[in-house]
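# Structure of the sequence below:
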Amino acid sequence: MDYQVILIENDRLTLERLSGVISSTPGFTLAARYQHAGDALGQSAMFKPNIVLLDIDVKGNLALIPEFIASFPSAVLICASSHWDAADAEQMVQAGAKGFLVKPFSGEELTQAVQIFGKNGMARGSEVMAFFSPKGKSGKTTLIANLAMSLAAKIGEPVGIIDADLQFGDMAVFFNLEPKSTIVEATRDVKFLSPVTLNSYFVPVPEAENIRVLCGTKMPELAEMVEIAPFEDMVRMAQSLFRYVLIDLPPGFNPISVAASELANTTYMVAMVGGGYEVLHMKRALEIFKAWPDYESRVKTIFTRVSPCTDEERKILEKELEYPISAILPNEYLLVSAAANSGRMAVDIQPDTPLSKQISRLSKDIMGHRIQWGEQ
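Residues are numbered from 1 along each chain as shown. I've put the predicted structure just below:
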């Protein structure tokens, strides 16, 4: 497809540079260029563009997005700025812009932006979910991997996983991935990135078209290189790429788990039924989360390896915990192991098992489909 591009860029030198990039990129034609957005609105209808690149470094140009969309209803509007700003990104999405690029951009970045944002645009109403466990061996990594598969299959939109269990993250192993870049490089580079370039740090899952994973550190000692502020900026930027962002956290309270939980729309506390102390640990963790005035709506609980996995057993755990339980998952270790060994997930290879059905039920609940226990 040949893209006819209208470029609006206030700075003369940048206008020349970006004009050259567009003209030299295969599949793109520079139909017209302007320094002032008002001139583009008044003069460029004759060119019938299907891409509009709008400079939002100019004060007031963000407010013109609805006018550009009305004037060029068949065009993909992509904003461009000298830096990424989460607040501006939210305003762009609300106004109807499809994508964002950091200036100056390359022809490859322009092509990727059209590929990433051309269909669905930047994620609208992106939801961040943090998965926390008071102690290790909770089954949360298994839960996240399978839940991401279920969500991606149901919504048909991108789902991102961030492995923030910095020292001992297993998400790359679960999906049989060999990342070139990890969360270390993503947080190190984030101040120079845009959503398009951040996307390349996420590894696509071969068996799932809509899932990408930002893998954890390659060595435990590298965990110290992940700083909190860049981590938070990276999560906010990832929201422009994915409808759902699932964050796998290390056990216990530490700076990363606290920061991710604060950022998240929902924090899921996960514990594996086994030794008898899980409910006590969950109750202690809940006491800390109660510092949030809205903790009852933001903090949800999940128990894994529950046997028997019945509504009656859920009610028993709920009574002991003295807090609602969002989901209980059965013990299907052999199924999970067999799936992971093949780089696939249980919900993918055996969607009719009790585990798969419970994860499907949870994904529907996350999507807002309120259902009763036992419904699929």
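# where in this structure is pLDDT low?
Residues of the chain that meet the criterion pLDDT under 70 lie in 1, 44-45, 275-276, 332-352, 369-376.
# just the strands in the chain please.
Listed in chain order, the strands of the chain (DSSP state E) span 3-8, 28-34, 51-55, 76-81, 99-102, 127-132, 159-163, 203-205, 208-214, 244-248, 266-272, 299-304, 327-328.
# Show me what the third one is packed up against.
With contacts defined as 3 or more C-beta pairs under 8 Å, 6 or more residues apart in numbering; DSSP states H and E, the secondary structure elements packing on strand 51-55 are strand 3-8, helix 37-43, helix 65-71, strand 76-81. For every residue, glycine as well, the C-beta is placed using N, CA and C.
# Adding mean neighbour count and distance to P26, write these out as CSV.
Output for the helices and strands packed on strand 51-55, formatted as CSV (neighbours: other C-beta atoms under 10 Å; distance: least, C-beta to C-beta, whole Å):
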stretch, mean neighbour count, distance to P26
strand 3-8, 23, 10
helix 37-43, 16, 24
helix 65-71, 16, 25
strand 76-81, 23, 18
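# Adding distance to D294 as columns, could you present those in CSV?
Formatted as CSV, the entries for the helices and strands packed on strand 51-55 read as follows, by distance: least, C-beta to C-beta, whole Å:
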stretch, distance to D294
strand 3-8, 41
helix 37-43, 40
helix 65-71, 32
strand 76-81, 32
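# Which one of these lies nearest to P134?
For these, distance to P134 was read as C-beta to C-beta. The smallest value, 41.5 Å, belongs to strand 76-81.
# helices and strands around that closest one, which ones?
Counting contacts by 3+ C-beta pairs under 8 Å, 6+ apart, the secondary-structure elements packed against strand 76-81 are strand 51-55, helix 65-71, helix 86-95, strand 99-102, helix 107-117.
# got CSV for the ones you listed, with distance to K191 too?
Rendered in CSV, the data for the helices and strands packed on strand 76-81 read as follows (distance: least, C-beta to C-beta, whole Å):
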stretch, distance to K191
strand 51-55, 20
helix 65-71, 25
helix 86-95, 13
strand 99-102, 10
helix 107-117, 16
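# Minimum distance to N254: which of those has it?
Using C-beta to C-beta, the nearest of the helices and strands packed on strand 76-81 to N254 is helix 86-95, at 23.7 Å.
# how far off strand 76-81 does that closest one point, in degrees?
Computed by axes from the mean of the first three to the mean of the last three C-alpha atoms, to 10 degrees, the angle separating helix 86-95 from strand 76-81 equals 160 degrees.
# quick one, helix 86-95 and strand 51-55 angle?
Orientation note: helix 86-95 sits at an angle of 140 degrees relative to strand 51-55 (the same axes, to 10 degrees).
# tell me the centre residue of the chain?
Nearest to the geometric centre of the chain sits V245, at 3.0 Å (C-alpha atoms, centre = their mean).
# show me what contacts that one?
The neighbourhood of V245, defined by C-beta atoms under 8 Å, 6 or more residues apart in numbering, consists of 126-129, 159-162, 235, 238-239.
# 10 Å instead?
Taking C-beta atoms under 10 Å, 6 or more residues apart in numbering as the definition of contact, the neighbours of V245 are 123, 126-130, 148, 158-162, 214, 235-236, 238-239, 260, 263-265.
# do the same with A259
Applying C-beta under 10 Å, 6+ apart to A259 gives the contacts 130, 164, 228-229, 231-232, 235, 247, 249.
# what's the neighbour count on the closest residue in space to Q112 that isn't next to it in sequence?
Ranked by C-beta to C-beta, 6 or more residues apart in numbering and with sequence neighbours excluded, the top spatial neighbour of Q112 is V196, at 5.0 Å. Other residues lying near V196 total 26 when counted by other C-beta atoms under 10 Å.
# Next, format the strands of the chain as a markdown table and append distance to L355.
Compiled in a markdown table, the strands of the chain are given as follows (distance: least, C-beta to C-beta, whole Å):
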| stretch | distance to L355 |
| --- | --- |
| strand 3-8 | 45 |
| strand 28-34 | 47 |
| strand 51-55 | 45 |
| strand 76-81 | 40 |
| strand 99-102 | 37 |
| strand 127-132 | 16 |
| strand 159-163 | 19 |
| strand 203-205 | 19 |
| strand 208-214 | 17 |
| strand 244-248 | 17 |
| strand 266-272 | 13 |
| strand 299-304 | 9 |
| strand 327-328 | 11 |
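# isn't A86 right up against E232?
Yes: assessed by C-beta atoms under 10 Å, A86 is found in contact with E232 at 9.4 Å.
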